[in-house]
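Trainee: prediction below, plus the sequence it came from.
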Amino acid sequence: MLVLQSIILGIPQGALYGLMGFGIALIFRSVGAMNFAHGNSGMICVFVAFSVFKATGNLFIAALCGIIAGFILGVLIDRLLMGPIKHLSHGGMLMISLGLLMIFEGVAQLAWGTDYLQLPEILRGEPIIMQFGASKLIIPMNDLLITIIAVVVSVLMALYLKYAKLGIATRARAQDEVGAKVVGIDTGKVDSLVWGIGIALSVLVGVMIAPKTYVHPAMMGNMQIYGFTAGVLGGFEGLFGAIGGGLILGVLEKIVGAYISPDYQMTIVLIIIIIMLAVKPSGLFSRKSSGRV
């Protein structure tokens, strides 16, 4: 029963890891470089959401404003910083992302301080309790809603990438930039859109984890590591591999915490990264690797 309870608690967490990994993978597939400022880009916009919440008292409006701010921030990062050098130096793009990581953390500390601030849960209420003899399974209502939101967002992204004109253009650009340009796709517009969606997803994850982690400048650090791990586990070459990798990671993390110790959860994550890169660098759900780093 403890295993089943760990799975129930791990699925919502894994869904968030998967969304985080999906945003990272989406940018990687389009641009070809990892965004090490992905977590902090989302964090700075979670602070925007917190400020709106304090002014309005409405969590939905606050979350929407934060997500919109994240999309705009992603577009600006691409247009002003990444776009001019993306065909010149991937190393330069990595350095810019590392610089943004530190800049956003510094801006958050200057603007909002280092105190731990509170955003409420999306859904409050008594947990669902299922009785099985002397054992119980507990499903927190907020965790259930987080899982539903993550599934809905994943389905919407799948439909967007498969059927929407810009979604098809995004997949074409990810597969072959030159070929996409030949058939008339504006790859610059696609890249900006990808950056916007990627950062917006990071903000969404940040808003959903904020009730547990609180809102503070370092709130997304571990989440970014878990997002990278979900991508490595599932495979960055297939965008939705990160979703599956995140779910596996979330469940594994809870099982490790239940049977070994919560203190070893991050250690297990790092071991997973090392093993996957050594044994199957393309990930569990990818057939091959393009070799981009």
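Mentor: Cool, the structure landed. The structure displayed is predicted, hence computed values, not measured ones.

Trainee: switch to C-alpha atoms for all contacts and neighbour counts from now on
Mentor: Noted.

Trainee: so where do the strands sit in this structure?
Mentor: For the chain, the strands defined by DSSP state E cover 128-132, 135-139.

Trainee: what residues does stretch 270-277 touch?
Mentor: 229, 232, 233, 283 (Cα atoms under 8 Å, 6 or more residues apart in numbering).

Trainee: farthest-apart pair in the residues you listed, please.
Mentor: Maximum pairwise distance among the contacts of stretch 270-277 (Cα to Cα): 10.1 Å, between 229 and 283.

Trainee: hang on, the earlier thing: out of the strands of the chain, deepest packed?
Mentor: Mean neighbours per residue, mean count of other Cα atoms under 10 Å, is largest over the strands of the chain for strand 135-139, with a mean of 14.

Trainee: what pairs with that one, and is each one parallel or antiparallel?
Mentor: If you go by DSSP bridges, strand 135-139 pairs up with strand 128-132 (antiparallel).

Trainee: now find how far off-centre the partner strand is within its chain.
Mentor: Mean-position distance between strand 128-132 and its chain equals 31 Å (Cα atoms, centre = their mean, to the nearest Å).

Trainee: what is the rounded mean pLDDT of it?
Mentor: Averaged over strand 128-132, pLDDT sits at 81.

Trainee: next up, the contacts around the residue nearest to residue 195 when sequence neighbours are not counted.
Mentor: Excluding its sequence neighbours, the residue lying closest to residue 195 (Cα to Cα, 6 or more residues apart in numbering) is residue 74, at 4.7 Å. Listed by Cα under 8 Å, 6+ apart, the contact set of residue 74 reads 192, 195, 196, 197, 198, 199, 200.

Trainee: next one: residue 104
Mentor: By Cα under 8 Å, 6+ apart, residue 104 lies in contact with 40, 41, 44.

Trainee: let me have these in JSON lines, adding pLDDT, neighbour count and distance to residue 65 as columns.
Mentor: As requested, these are exported to JSON lines (pLDDT from 0 to 100; neighbours: other Cα atoms under 10 Å; distance: Cα to Cα, whole Å):
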{"residue": "40", "pLDDT": "96", "neighbour count": "29", "distance to residue 65": "17"}
{"residue": "41", "pLDDT": "96", "neighbour count": "27", "distance to residue 65": "14"}
{"residue": "44", "pLDDT": "97", "neighbour count": "29", "distance to residue 65": "12"}
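
Trainee: which member of the contacts of stretch 270-277 is positioned nearest residue 206?
Mentor: Using Cα to Cα, residue 229 comes nearest to residue 206 of the contacts of stretch 270-277, at 17.1 Å.

Trainee: I figured that closest one hits residue 269, correct?
Mentor: Yes. With contacts counted by Cα atoms under 8 Å, residue 229 reaches residue 269, the gap being 7.0 Å.

Trainee: of those two, who's got more company?
Mentor: Taking neighbours as other Cα atoms under 10 Å, residue 229 and residue 269 compare with residue 229 leading, 27 against 18.

Trainee: before we move on, the earlier item: out of the contacts of stretch 270-277, grab the one that's most surrounded.
Mentor: That'd be residue 233 among the contacts of stretch 270-277, by other Cα under 10 Å, with 31 neighbours.

Trainee: ok, it touching residue 284?
Mentor: Yes. Using Cα under 8 Å, residue 233 makes contact with residue 284 at a distance of 6.0 Å.

Trainee: so what sits against both of the two?
Mentor: By Cα under 8 Å, 6+ apart, residue 233 and residue 284 have these common neighbours: 241, 245.

Trainee: returning to what we had before: buried ones among the contacts of residue 74?
Mentor: Among the contacts of residue 74, those classed as buried by 16 or more other Cα atoms under 10 Å are 192, 195, 196, 197, 198, 199, 200.

Trainee: tell me the pLDDT of residue 76.
Mentor: On the pLDDT scale, residue 76 is placed at 96.

Trainee: contacting residues around it?
Mentor: residue 192.

Trainee: tally up the residues packed near the nearest residue to residue 204 once chain neighbours are set aside, please.
Mentor: Excluding its sequence neighbours, the residue lying closest to residue 204 (Cα to Cα, 6+ apart) is residue 67, at 6.3 Å. Counted with other Cα under 10 Å, the neighbours of residue 67 add up to 28.

Trainee: now for residue 67: which residues touch it?
Mentor: Contacts for residue 67 were tallied using Cα under 8 Å, 6+ apart; they are 45, 200, 201, 203, 204.
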